[in-house]
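K.L.:
pasting a predicted model and its sequence here:
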Amino acid sequence: CCLGNNIIHAVACDKTGIIWLATDCCGVNKFVPERMEIAYRDSDLRSPNKLSQNRVWSFLEDSYGVLWIATSDGLKQLLKDSDTFKHHSSDPADASTLSNNAVTIIFEDSRNQLWIGTEDGLNLYNRQERIFKRFQFDPRNSGSLSDNAIVAIEEDHLGNLWVGTRIGGLNRYNPQSKKFERIDHDPNNMSSMTNSSIMTILESSSHKSLWIGTFNSGLVEYDFASQNFNHFLHEHGNSNSISHNTVYSIYEDEQAVLWIGTNGGGLNKFIPQTRENTTYTETDGLLSNQILNIIGDNNQNIWISTSKGLCVFDPSEERFITFHLANDLHSNLFDRGAFYKNKHGDFYYGTAEGIHKFNPDSLAFDYLQPSIVLTGLKVNSISIMPYLGANSLTKLNLRYDQNYFTFEFAVLDYRNPAENKYKFRLNGVDESWIDARHDRTIKYSNMQPGHYTLEVKGRNADGIGAQNSFSLPIRITPPPWKTWWAYVLYFIAITGIV
């Protein structure tokens with residue numbers, strides 16, 4: 001954005017980091033410093049003569065320090081000590097090239113071999129010869145892949161490669177025999193693997209389990225000791241069950257706790273030893289219940305990319321901090337898999353604008369709690385706020401015919417005020433809190449005489465709750481003919497007549 005005027009009379013920085021500029025003739029300008037940068041733009045990733053935008057689906061910084069990027073337009077290799085990309089693409093006439101340009105995932109095994117999953121097969125890259133070896137479904141070969149659409153790859157402690165596919169379920173690759181074993185579902189065995197689409201795979205740090213996220217078949221654990229599959233499904237009414245049966249992402253923290261991202265059920269904290277589960281949703285401050293990727297930083301914070309942007313969760317405080325398009329992000333359009341942490345702790349995430357890079361340690365999280373204040377009050381559509389004053393209003397007494405009122409509130413945080421959120425309830429009317437989201441206006445009409453209490457809570461755009469909650473007692477007096485003394489007169493009149 002540009003300044004309204006180049007003549008600046010005063011500059012101030014508030015406690016939230018906003019810089020305020022008083023200009024000549026053009027009022028006050030607000031500047032909110034960005035916290036993240038674009039490392040590589042979409043134009044850097046395009047193949048020669050290709051004009052359409054890429055979708056970034058996966059990252060990998062290999063053991064040689066080379067950054068690899070999986071896109072919808074082939075495999076991109078960032079040449080070391082430069083900002084130049086080498087493009088690897090598919091040539092149907094050359095079997096030594098990628099099997100398909102839609103690259104979904106990149107994985108390096110313990111032997112430093114580079115595996116590339118695509119929408120049409122798995123590829124093994126030979127660094128010396130700079131060629132690819134293709135692995136694809138062959139109906140005549142039971143030792144081939146079960147399906148060509150590759151979505152997940154993991155290596156276990158025994159050196160086996162587990163490959164998840166979109167339609168064909170789970171495969172296990174033996175590097176000695178160079179054959180795939182298809183892990184099929186046995187309807188007569190409750191401990192067998194599901195045939196569902198695979199979303200993600202993770203081996204536990206204890207090497208006891210392989211955790212598998214599926215599409216609509218919940219969370220699955222493969223127990224290496226028993227060689228059985230254990231299934232964890234959402235159960236309606238059971239808060240200890242996982243919150244949704246489509247699991248997009250799994251992350252294990254330093255305490256061996258699993259953080260599970262679901263497609264609509266929010267974030268799950270799952271403790272494998274006790275099978276205890278805790279769910280966090282938008283009502284707890286999560287940006288969206290559709291979680292695409294989860295990564296942990298070096299300070300035990302949990303970073304979550306969602307369908308609405310990026311947020312970070314502090315497990316010790318059970319608090320979410322959110323990053324928004326307006327000030328922090330260049331795009332909210334994340335893809336599953338397009339979120340990566342390298343060995344230096346740097347984070348990469350891909351959007352339609354390109355590749356963004358940041359180090360969480362360099363971001364100063366602002367835990368300052370804002371205030372919430374009453375900014376407007378109308379009774380029967382007439383503003384009475386100037387006559388009462390916001391700070392002096394401790395209770396509100398209204399007549400019986402003043403039964404339509406409107407309140408306006410504001411969370412005093414100006415970095416991204418459009419993303420501030422509000423909840424309210426009117427005790428005596430509302431049984432539970434009402435999530436107003438970004439609406440600062442509260443309206444009630446046709447109120448009956450009685451005693452009420454209006455309560456309002458707020459959060460800023462980062463998800464930090466206001467340090468105060470607003471509470472206002474409201475009394476609506478009955479009409480004269482319904483007061484206690486009116487009923488006394490009615491009684492005297494009736495008994496006098498009798």
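P.N.:
Done, it's in.

K.L.:
pull the number of nearby residues for residue 230.
P.N.:
Other residues near residue 230 number 14, with proximity taken as other C-beta atoms under 10 Å. Where C-beta positions appear, they are placed from N, C-alpha and C, glycine not excepted.

K.L.:
within the helices and strands, which one has it?
P.N.:
Using DSSP states H and E, the secondary-structure element containing residue 230 is strand 228-232.

K.L.:
residue 474 now?
P.N.:
Assigned by DSSP H and E, residue 474 belongs to strand 470-476.

K.L.:
CA-only coordinates of the helix or strand that that strand is followed by in PDB, if you can.
P.N.:
Moving toward the C-terminus from strand 470-476, the first helix or strand encountered (DSSP H and E) is helix 484-497. As requested, C-alpha coordinates have been extracted for helix 484-497 and formatted as PDB (Å, rounded to 0.1, in the frame of the first residue of the first chain):
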ATOM      1  CA  TRP A 484     -47.400  -4.300  41.700                       C
ATOM      2  CA  TRP A 485     -49.200  -1.200  42.800                       C
ATOM      3  CA  ALA A 486     -51.600  -1.500  39.800                       C
ATOM      4  CA  TYR A 487     -52.500  -5.000  41.000                       C
ATOM      5  CA  VAL A 488     -53.100  -3.600  44.500                       C
ATOM      6  CA  LEU A 489     -55.500  -1.100  43.100                       C
ATOM      7  CA  TYR A 490     -57.300  -3.700  41.100                       C
ATOM      8  CA  PHE A 491     -57.700  -5.800  44.200                       C
ATOM      9  CA  ILE A 492     -59.100  -2.900  46.300                       C
ATOM     10  CA  ALA A 493     -61.500  -2.000  43.500                       C
ATOM     11  CA  ILE A 494     -62.700  -5.500  43.100                       C
ATOM     12  CA  THR A 495     -63.100  -6.100  46.900                       C
ATOM     13  CA  GLY A 496     -64.900  -2.700  47.200                       C
ATOM     14  CA  ILE A 497     -67.400  -3.600  44.600                       C
END
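
K.L.:
list of residues touching helix 484-497?
P.N.:
Residues from elsewhere that reach helix 484-497, judged by C-beta atoms under 8 Å, 6 or more residues apart in numbering: residue 480.

K.L.:
now do it, average pLDDT.
P.N.:
When the per-residue pLDDT values of helix 484-497 are averaged, the result is 77.

K.L.:
in it, which residues are buried?
P.N.:
For helix 484-497, a neighbour-count test (16 or more other C-beta atoms under 10 Å) marks nothing as buried.

K.L.:
before we move on, back to that, now for the strand holding residue 474, which elements pack on it?
P.N.:
For strand 470-476, the helices and strands in contact under the criterion 3 or more C-beta pairs under 8 Å, 6 or more residues apart in numbering; DSSP states H and E are strand 372-379, strand 396-398, strand 450-459.

K.L.:
next, the buried residues of the shortest one.
P.N.:
Taking 16+ other C-beta under 10 Å as the neighbour-count basis, strand 396-398 is seen to contain the buried residues 396, 398.
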